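> Sequence plus predicted model, see below.
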Amino acid sequence: MSNTTSTTGTPDAGATAAGWDDLVTAALLGTERRRPPVTAHGKDAATALLDAAAVQTVRRRAGLRPAPAAPLPGRAPADARPALPSAAVRRLTLLLANRPGAGSDGRRGTAPDLMELLPQWLHAADDQGFAAPPHLIPALLDVARARTDLRPQVLSFAGPRALWLARLNTDWKFALRATPGGGAALPAAEDSAQIERLWEEGLFAERVALLAALRAHAPGAARDLLAGTWPTERAEDRLMFLDALHTGLCGDDEPFLERALTDRSRNVRAIAAELLSALPRSALARRMEARAAACVTLDRTGPSPVLVVTAPHECDADMERDGIMPKPPTGRGERAWWLGQLVEAAPLASWSAGFDGRSPEEIMALAVADDWQSELHAAWCRAAVRQRDAAWSRALLGAPTAQGAGGPGAVSLAERAKLLTTLAETERAEWVAAFIAAHGLSEAFQLLGCCAAPWAEPLGRAVVDALNIARDAGSYPWSFSGVMGLAERCLDPAEATRLEALTAIPEEREDASPGAGSYWAEAFQRLTNTLQVRAAMSAELMTPTAEDPETEGPEAEESIAEESMAEGPAHGSLEPPLES
């Protein structure tokens, strides 16, 4: 290797002696601020610096000594779940390779959006206990990297091999963050010594995973574990740990939660108060009951009983300790803000006792003085959702066919959707179906989103009927694109036969929007095609086939290991797209 020489022909010793880091520092700061660590020999500082950098570059490249090869990664963990049927493997390949797009005119056409069917496919395959084909796990991780909403489903279906790959490729490190404890094995519930050691020495994610797992099987032991280190935990960690107590919440948790009400972190105090208010027999619930009862009273002196509301005039220290936030959000009055929090935290059962044994429906029917009705009923809505009280939810929802369908308090759509989640799936679907039949689809999108898929027959029929009515009215289908998208994912595939009659282009009325009929026919054809694909997907997952030797075994594990250690996730292992 040749060395840089000076103008006299001798090697430039300064150029070879200077360290690379020193040269980089001088270059970043500038030679006027930092003198280069080289001998100039009649050159200006900048030229000397560049010459020295050139020498060091050649030396670094030529002088690199071969190093021992990095050890190969351990074998991927085994996945004991049965292999996917061959037809289902081909379907998954097609779903992953699909890249949906609109036509040049912006229209979607009649082809199903396969990427929107991927979540449903993943749920069905995971629910039936199939293992992901090893050669498709890299593509699944790529999809999950791009779509955060799919990460839980992808990681559940891909299993332990996805975490093994994520440790080899930084592009997939989200899988380690999304999995409690980064996929680390948790000690057995009876191994108290190992549990104690992991709790004291483990990483934060491992400790959260340990607490959640222990809480699901032994709530008391998890609470005692947390109580032992509670004073020394950071505020943000205490908040996460406390949130885990939602699982298995019971009266035995009350003493610990009462102590947490004095925590120095406001957010921790708020979570503790929320947990205590969900225990109707807790001391905090009784305190809130007494405060709320003093604010909402029943006036029996008039011709008919009336609810009288007297909002709090101040938020004292005891109220703050019990989780009442003193400062209202922008646009809210202080007294109304305090009242809402008190009513929300009070046990709902106490109102019937205080109002002469009236049922929730009878309480909802009472008039409320001085325009406090909307504030009061909104607080009761939040209380019904927090306490999962179906009886109060029914009373607040009112009859789905009533004007406004929100009960006497004019409950908003967002509040109705939350109230519906407290009802059983069948009752929820029946309520939304009756609402759509009475009021159409214009306000139904949020309500449909809380219904279980596939939709029950009455709900699916109500949606199709409402779409048909909208088509006959001559409006454009994109006014109902959100509902149509939900129908593609949630409508029972058995409805495809009934929809075929709607795929024909109807005769346009004189007052209809130009071309609306052909747009509707296209939309219904796409819906029909999507339902047919969903039916085929379900059938493929139910078809037993022999294990495909090309998708299992050590060779497959070595293949995905090679892909994982590349600069980016490899896609070459994917099979070619199939014909739909």
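Arrived safely, thanks for sending. Note that the structure is a prediction, hence the values are computed from the model and not measured.

> any idea how far the residue nearest in space to the middle of the chain lies from A453?
The residue lying closest to the centre of the chain (Cα atoms, centre = their mean) is D149, at 5.8 Å. Distance of D149 to A453, computed by Cβ to Cβ, to the nearest Å: 15 Å. C-beta coordinates here come from the backbone N, C-alpha and C atoms, glycine included.

> sorry, back to before: what degree of burial does the spatially closest residue to the residue nearest to the centre of the chain that is not a sequence neighbour show, as a neighbour count?
Nearest residue to D149, sequence neighbours excluded (Cβ to Cβ, 6 or more residues apart in numbering): P119, at 7.5 Å. The tally of other residues near P119 (other Cβ atoms under 10 Å) stands at 17.

> In contact with P119, which residues?
Applying Cβ atoms under 8 Å, 6 or more residues apart in numbering, we find P119 in contact with D149, L150, Q153, R489.

> Which PyMOL command selects the buried ones in those?
Buried residues within the contacts of P119, as defined by 16 or more other Cβ atoms under 10 Å, are selected in PyMOL through the command that follows:
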select buried, resi 150+153+489
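
> Are there helices or strands packed against the helix or strand containing D243, and which ones?
Assigned by DSSP states H and E, D243 falls within helix 235-243. In this structure, helix 235-243 packs against helix 204-217, helix 266-277, with contacts taken as 3 or more Cβ pairs under 8 Å, 6 or more residues apart in numbering; DSSP states H and E.

> Can you tell me the SS state at the residue nearest to D149?
Under DSSP: H, G, I helix; E, B strand; the rest coil, P119 falls in the helix class.

> Tell me which of the helices and strands packed on helix 235-243 sits nearest to F130.
helix 204-217 (24.2 Å; Cβ to Cβ).

> list the helices and strands that closest one packs on?
helix 192-201, helix 219-229, helix 235-243.

> mind checking which of those is nearest G30?
Among these, helix 235-243 sits nearest to G30 (Cβ to Cβ), with 41.4 Å.

> buried residues in that closest one?
In helix 235-243, counting by 16+ other Cβ under 10 Å, buried: R238, L239, M240, F241, L242, D243.

> now do stretch 304-314
P305, V306, L307, V309, A311, P312.

> which residues of this protein fall in strands?
For the chain, applying DSSP state E gives strands covering 296-299, 306-309, 367-368.

> Parallel or antiparallel, which strands does the first one pair with?
To tie it back to what came earlier, the one meant is strand 296-299. strand 306-309 (antiparallel) (DSSP bridges).

> swap in the last one?
On the basis of DSSP bridges, the sheet neighbours of strand 367-368 come out as strand 306-309 (parallel).

> low-scoring stretches of the stretch 1-150 of the chain, by residue?
1-18, 40, 99-108 (pLDDT under 70).

> what about 90?
The model of the stretch 1-150 of the chain has pLDDT under 90 over residues 1-77, 97-116.

> wait, doesn't W455 sit right on P493?
No - when contacts are counted by Cβ atoms under 8 Å, W455 is not listed as touching P493 (11.0 Å).

> Name the residues of the longest helix belonging to the chain that come out as buried.
Criterion DSSP state H: the longest helix present in the chain is helix 516-541. For helix 516-541, a neighbour-count test (16+ other Cβ under 10 Å) marks 516-517, 519-531, 533-534, 537-538, 540-541 as buried.

> same thing with stretch 119-134?
Buried, per 16+ other Cβ under 10 Å, within stretch 119-134: P119, Q120, W121, L122, A124, A125, D126, F130, A131, A132, P133, P134.

> got those residues as a markdown table, with distance to N267 columns?
Shown next, in a markdown table, are the buried residues of stretch 119-134 (distance: Cβ to Cβ, whole Å):
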| residue | distance to N267 |
| --- | --- |
| P119 | 32 |
| Q120 | 36 |
| W121 | 39 |
| L122 | 34 |
| A124 | 39 |
| A125 | 39 |
| D126 | 34 |
| F130 | 41 |
| A131 | 41 |
| A132 | 38 |
| P133 | 44 |
| P134 | 43 |
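
> sorry, back to before: which among the contacts of P119 gets closest to G460?
Nearest to G460 among those: R489, at 12.0 Å, using Cβ to Cβ.

> List the residues that contact the closest one.
E116, L117, P119, Q120, A453.

> got it, and A433?
By Cβ under 8 Å, 6+ apart, the contact list for A433 reads A456, P458, L459, R461, A462.

> quick one: pLDDT of it?
pLDDT for A433: 96.

> start at 56 instead
Will do, 56 is the new start, and the previous item becomes A488.

> Tell me how far it lies from G395.
32 Å.

> again, but for H494
28 Å.

> Would you confirm that F229 contacts R200?
Yes - proximity of F229 to R200 meets the contact threshold set by Cβ under 8 Å, at 6.2 Å.

> For A439, grab the count of nearby residues.
With other Cβ under 10 Å as criterion, A439 counts 25.
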